[in-house]
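Visitor: Quick one: sequence plus predicted model below, questions after.
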Amino acid sequence: MTGTGRGGSHRSKKKRITLVLAPVAALAVAVPLMNSAGAATPDEAATDCRTDSDKLENCQFVDVQVKRDSFGPNERVSAVSDNCGSTAEATKSFSVSAAVTRVIQLEDGFTVDGETKLGNSFFEIGGKFSTSEINIKRDDTTSSFTFSRSDAVQADNIGFFMWSHKRTDVSGFLKATYKEAQDGQTVFFSPSEGATTIHAFYPQLLSNGTPDGRLWLRNVKCGTPEADGILNSTKSLRTEPGFGEGGENVTDVEIPLSEIPAP
């Protein structure tokens, strides 16, 4: 009987210990949950930076990588001249017009207003990479060129001008500093510290202020899928191949930039 009494007392102590530990374990689980509550997410930090939120003390773009002399989209910059059915080349007049501007590409696809704190940060970063050898367009104003010229369109071809601007690609991340701490933290990164997924594309300019890049006259053989696709598109919204990449039905002739008049 005595042994049984000791055994019963031992089991009772185990129960009491379990009851004491349970609240401690629950508190340990609650602490990290409380610490994470209310903290800015990378998406929220990016949105606050883009909209110049009053909650921010400052927002900066931190550059990590830079790539000069990359090319932008391939754009059709003149109307299409039709020389289909002809057995001889024909001299055609073209009006050529292109424009470039600084582009900020956030993860969510939004661009940044130049008047925001973040816009000013991108301007300062642009200044860092603008040199006497490579002049870049730092602000969000536009540089352009417009001119007319005559060129030969091959027999049974359509002809038009293509353009791809040269640019400096600076990639990095956002550093958002909040006025009031959120769970003891005021600095947040988007998408993460050290990331290279946010891009600032700065168009490169020639010494006379004309956009730098590649301009070429493209001839496309009539009756081919390439020509039919172009003739059936009323706007320059198609994705066009780059210089020399059009295939056997396409002939590209580069135009020296010295032949583009200064703005």
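Guide: Yep, it's here. Numbering: from 1, shown residues only.
Visitor: which residues of the chain score low on pLDDT?
Guide: For the chain, the stretches with pLDDT under 70 are 1-39, 110, 234-238.
Visitor: 80 instead?
Guide: Per-residue confidence of the chain (counting by pLDDT under 80) places the weak regions at 1-40, 107-115, 182-183, 233-239, 262-263.
Visitor: can you map out the helices along it?
Guide: 2-36, 42-51, 117-129, 225-231 (DSSP state H).
Visitor: quick one, strands of the stretch 101-250 of the chain?
Guide: For the stretch 101-250 of the chain, strands defined by DSSP state E, counting those that start in this stretch occupy the ranges 103-105, 135-136, 142-153, 157-182, 185-190, 198-205, 213-221, 250-255.
Visitor: How about residues contacting the second one?
Guide: To tie it back to what came earlier, the one meant is strand 135-136. Gly126, Phe129, Ser130, Arg167, Thr168, Tyr202, Pro203, Gln204, Leu205, Leu206, Ser207 (C-beta atoms under 8 Å, 6 or more residues apart in numbering). For every residue, glycine as well, the C-beta is placed using N, CA and C.
Visitor: Compare the residues you listed and tell me which has the most neighbours.
Guide: Tyr202 (27 neighbours; other C-beta atoms under 10 Å).
Visitor: Pull the number of nearby residues for the nearest residue to it once chain neighbours are set aside.
Guide: In space, and not counting its chain neighbours, Tyr202 is closest to Ile136: 3.9 Å by C-beta to C-beta, 6 or more residues apart in numbering. Neighbours of Ile136 under the rule other C-beta under 10 Å: 22.
Visitor: Beta-bridge partners for Ile136, please?
Guide: Assessed by DSSP bridges, Ile136 has beta-bridge partners Gln204.
Visitor: Can you show me the CA trace of stretch 91-98 as PDB?
Guide: Taking Å, rounded to 0.1, in the frame of the first residue of the first chain, the C-alpha atoms of stretch 91-98 are listed here in PDB:
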ATOM      1  CA  THR A  91      13.600  55.700-104.000                       C
ATOM      2  CA  LYS A  92      11.100  56.500-101.200                       C
ATOM      3  CA  SER A  93      10.900  59.400 -98.800                       C
ATOM      4  CA  PHE A  94      10.700  58.600 -95.100                       C
ATOM      5  CA  SER A  95       9.900  60.600 -92.000                       C
ATOM      6  CA  VAL A  96      11.900  59.200 -89.100                       C
ATOM      7  CA  SER A  97      11.100  60.000 -85.500                       C
ATOM      8  CA  ALA A  98      12.300  58.500 -82.200                       C
END
